[in-house]
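Asks: Okay, sequence plus prediction incoming.
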Amino acid sequence: MVAGRVTESSIHTRVLANLQRNLAKGAQIQDQLSSGKQLNRPSDSPAGTVSALQLRAETRMSQQYTRNADDGLGWLGTVEDTLGSASVLVNRARSLTVQGMNTTTNGTLANDALASEIDQIRDALIAGANTRYLDRPVFGGNTLGGIAYTPQGEWKGEDYDPAPAFADTTSVTRTVGSGAKVRVDLTGPEAFGDNSTPAGLFRVLESISQHLRAGDNAALGTDLTALDVSGNQLKSAISEIGSRYNRITQMKDSAQDRLLSVTSQLSDIEDIDLPKTIMEMQLQQTSYQAALAASAKVIQPSLIDFLR
């Protein structure tokens with residue numbers, strides 16, 4: 001068996017290579033401690049890098065769903081509060097109408113006072129129908145205009161289509177989950193009725209005011225029936241908005257739960273175990289010191305050094 005030849009040069013090369021590897025390992029651990037991350041570059045873990053990128057994309061998506069849900073809740077909360085106030089005003093208008101039908105105690109002046117209050121209620125309802133959220137009228141559909149209703153109670157929303165396709169073509173929606181879109185607006189005609197017909201709330205209130213001043217009880221009876229229809233439409237709208245609000249709240253909770261889960265998974269892949277890494281750093285320093293000591297013993301002066 002022929003032994004391989006070992007020279008001073010080969011010993012030096014191996015010692016330096018081993019020390020360099022030791023230093024490189026120490027530098028890697030130092031990078032991890034400084035950044036708090038296991039993955040500082042793709043070469044640290046190609047598979048882990050792919051997983052981290054996928055999880056980061058999912059994190060951004062969940063965060064966007066949460067922001068969309070917050071915006072949708074703002075829309076729906078504004079609509080819900082406005083409709084609640086409108087319902088109270090409609091109930092008050094109904095009481096005034098019933099009072100105006102009592103011809104045995106009311107006189108002309110009393111009916112005029114009732115009519116004036118009805119007018120005030122109508123104006124307040126029109127003002128409420130122009131309620132805005134983020135500078136957009138919440139009952140205006142996709143209109144870019146500043147108002148949903150004119151002072152006369154005429155709806156100014158654009159592209160209104162009472163057909164079922166309306167919800168798919170001109171509604172304001174927010175994406176709050178994967179494939180989950182929720183409508184967050186309510187058009188004026190859906191809430192207050194179509195004012196171009198006798199069933200429109202603002203037109204009904206105008207009619208009540210006129211008939212109170214005229215003392216026409218028979219017409220007031222018809223108006224009262226129409227007012228009840230408008231009031232029921234408002235209640236249905238409030239119920240619909242409430243169900244959408246609950247759905248968005250549930251989707252927001254789901255997005256937040258998913259965000260916590262993904263963040264935890266991402267931390268497992270990217271973040272270091274601090275106590276473990278500190279221990280590894282201490283062991284690496286000890287190993288390096290031992291390697292230096294061993295190298296000093298291996299690399300002894302040669303015969304040439306004594307012959308100089």
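Replies: Looks like it came in fine.

Asks: Show me where the stretch 1-150 of the chain has its strands.
Replies: 132-133, 136-137 (DSSP state E, counting those that start in this stretch).

Asks: so which of those gets nearest A294?
Replies: strand 132-133 (73.7 Å; C-beta to C-beta). Where you see a C-beta, it was placed from the backbone N, CA and C, and this is true even at glycine.

Asks: Identify the neighbouring strands of that closest one in the sheet and state each direction.
Replies: Its sheet considered, strand 132-133 pairs with strand 136-137 (antiparallel) by DSSP bridges.

Asks: about what we covered before: could the strands of the stretch 1-150 of the chain go into CSV alongside mean pLDDT, distance to L201 and mean neighbour count?
Replies: Formatted as CSV, the strands of the stretch 1-150 of the chain follow (pLDDT from 0 to 100; distance: least, C-beta to C-beta, whole Å; neighbours: other C-beta atoms under 10 Å):
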stretch, mean pLDDT, distance to L201, mean neighbour count
strand 132-133, 92, 20, 16
strand 136-137, 89, 17, 20
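
Asks: so which of those strands gets nearest S295?
Replies: Closest of these to S295 is strand 132-133, at 73.1 Å (criterion: C-beta to C-beta).

Asks: could the strands of the stretch 1-150 of the chain go into a markdown table alongside distance to S87?
Replies: Converted to a markdown table, the strands of the stretch 1-150 of the chain look like this (distance: least, C-beta to C-beta, whole Å):
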| stretch | distance to S87 |
| --- | --- |
| strand 132-133 | 19 |
| strand 136-137 | 19 |
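
Asks: Please verify my assumption that L201 contacts A93.
Replies: No - using C-beta atoms under 8 Å, L201 is not in contact with A93, being 9.1 Å away.

Asks: okay, and the common contacts of these two?
Replies: Shared contacts of L201 and A93 (C-beta atoms under 8 Å, 6 or more residues apart in numbering): L227.

Asks: Neighbour count for these two, which is higher?
Replies: Neighbours per residue, other C-beta atoms under 10 Å: of L201 and A93, the larger number sits with L201, 30 against 27.

Asks: Contacts only, for the more buried one.
Replies: The contact partners of L201, taken as C-beta under 8 Å, 6+ apart, are 90, 125, 192-193, 195, 227, 230, 233-234.

Asks: so which one among the residues you listed has the lowest pLDDT?
Replies: For the contacts of L201, the weakest pLDDT value sits at N195, with 83.

Asks: ok, that one touching F202?
Replies: Yes - counting by C-beta under 8 Å, F202 is a contact partner of N195 at 5.0 Å.

Asks: where do the contact lists of these two overlap?
Replies: Common contact partners of N195 and F202 (C-beta under 8 Å, 6+ apart): G153.

Asks: one step back: of all the strands of the stretch 1-150 of the chain, which one is nearest S45?
Replies: strand 132-133 (46.4 Å).

Asks: got a list of contacts for that closest one?
Replies: 74-75, 78, 138.

Asks: Return the members of these classed as buried.
Replies: Buried residues within the contacts of strand 132-133, counting neighbours by 16 or more other C-beta atoms under 10 Å: 75, 78, 138.

Asks: what would the contacts of L201 look like in TSV with secondary structure?
Replies: Below are the contacts of L201 laid out as TSV (DSSP: H, G, I helix; E, B strand; the rest coil):
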residue	secondary structure
V90	helix
L125	helix
F192	helix
G193	coil
N195	coil
L227	helix
S230	helix
Q233	helix
L234	helix
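
Asks: If you rank those by neighbours, which is first?
Replies: F192 (30 neighbours).

Asks: from memory V98 sits against G221, does it?
Replies: No - judged on C-beta under 8 Å, V98 makes no contact with G221 at a distance of 10.0 Å.

Asks: State the distance from Q30 to E280.
Replies: Here Q30 is placed at a distance of 11 Å from E280 (C-beta to C-beta, to the nearest Å).

Asks: Neighbour count: these two, which is higher?
Replies: Set Q30 next to E280 and count neighbours by other C-beta under 10 Å: E280 wins out with 18 against 13.

Asks: Remind me which helix or strand that one belongs to.
Replies: Using DSSP states H and E, E280 maps to helix 274-298.

Asks: Check V182 too.
Replies: Using DSSP H and E, V182 maps to strand 180-183.

Asks: name the helices or strands packed onto that strand?
Replies: Helices and strands touching strand 180-183, by 3 or more C-beta pairs under 8 Å, 6 or more residues apart in numbering; DSSP states H and E, are strand 173-177, helix 217-270.

Asks: Tell me which of the ones you listed lies nearest to Q38.
Replies: Among the helices and strands packed on strand 180-183, helix 217-270 sits nearest to Q38 (C-beta to C-beta), with 6.0 Å.
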